[in-house]
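Engineer: Here is a sequence together with a model predicted from it:
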Amino acid sequence: MQRVMIVGQPGAGKSVLARQLGGLTGLPVVHIDLIHWCSGWQERTREEKTRLCQEVEAQPRWIFEGGHSATWANRLDRADTLIWIDMPLWLRLWRVLRRTLMGLGRNRPDLPEGCPERLANLPEFLGFIWRTRRSSRAAMARLVASAPAGKRVRHLQGRRAVTAFLQEVANEKGRGFPRP
């Protein structure tokens, strides 16, 4: 496992899994939100996001979590492992609400400096999660279905599946299981 692509809808646990997997494997972790946003919640241009994603994808080792589906095909070609975290809508909504409320005024480690959690963004973001609940999931199902034979693919549905996967990796590496 040298290049790991992690996808999932908002609140699925991509960032947490990436950090835990990075702790187990020693692979560098890249969060798409660090590419998507600049300080002050300023969104980068599509072209800049694509260029930055391609720079990461060209590296020999990485765990790359998140979207920017324009680069998924290249990322999948480069990845040796594809992980789809597929959590229920209610859980994802709860997690986003909880992380926003618990982190008000502070930056998450997967966001650039100057992007603190704030309530003003919450209604719009929850609406986005609701509106894209089917289309986004369908896109990820197509991505997984397009993975070439021989690619390590994991479709993790539920928290137990994520924990079991991390334990499997820990056993392979002969290391303890890290907690977030």
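Structural biologist: Cool, got the structure. Numbering: from 1, shown residues only.
Engineer: same for the helix or strand hosting Val153, what does it pack against?
Structural biologist: Using DSSP states H and E, Val153 sits in strand 152-156. Judged by 3 or more CB pairs under 8 Å, 6 or more residues apart in numbering; DSSP states H and E, strand 152-156 is in contact with strand 81-85, helix 159-173. Backbone N, C-alpha and C define where each C-beta goes, glycine included.
Engineer: Tell me where this protein has helices.
Structural biologist: Under the criterion DSSP state H, helices of the chain are mapped to 14-25, 32-36, 46-57, 72-78, 89-102, 122-131, 133-146, 159-173.
Engineer: Of those helices, which is nearest Pro116?
Structural biologist: With respect to Pro116, and counting by CB to CB, the nearest of the helices of the chain is helix 89-102 at 10.3 Å.
Engineer: Mind listing what's buried along the closest one?
Structural biologist: The neighbour-count check on helix 89-102 (16 or more other CB atoms under 10 Å) flags 92-93, 95-96, 100 as buried.
Engineer: Arg51: which of those is nearest?
Structural biologist: Val96 (28.3 Å).
Engineer: Please verify my assumption that Ala147 contacts His155.
Structural biologist: No - using CB atoms under 8 Å, Ala147 is not in contact with His155, being 10.4 Å away.
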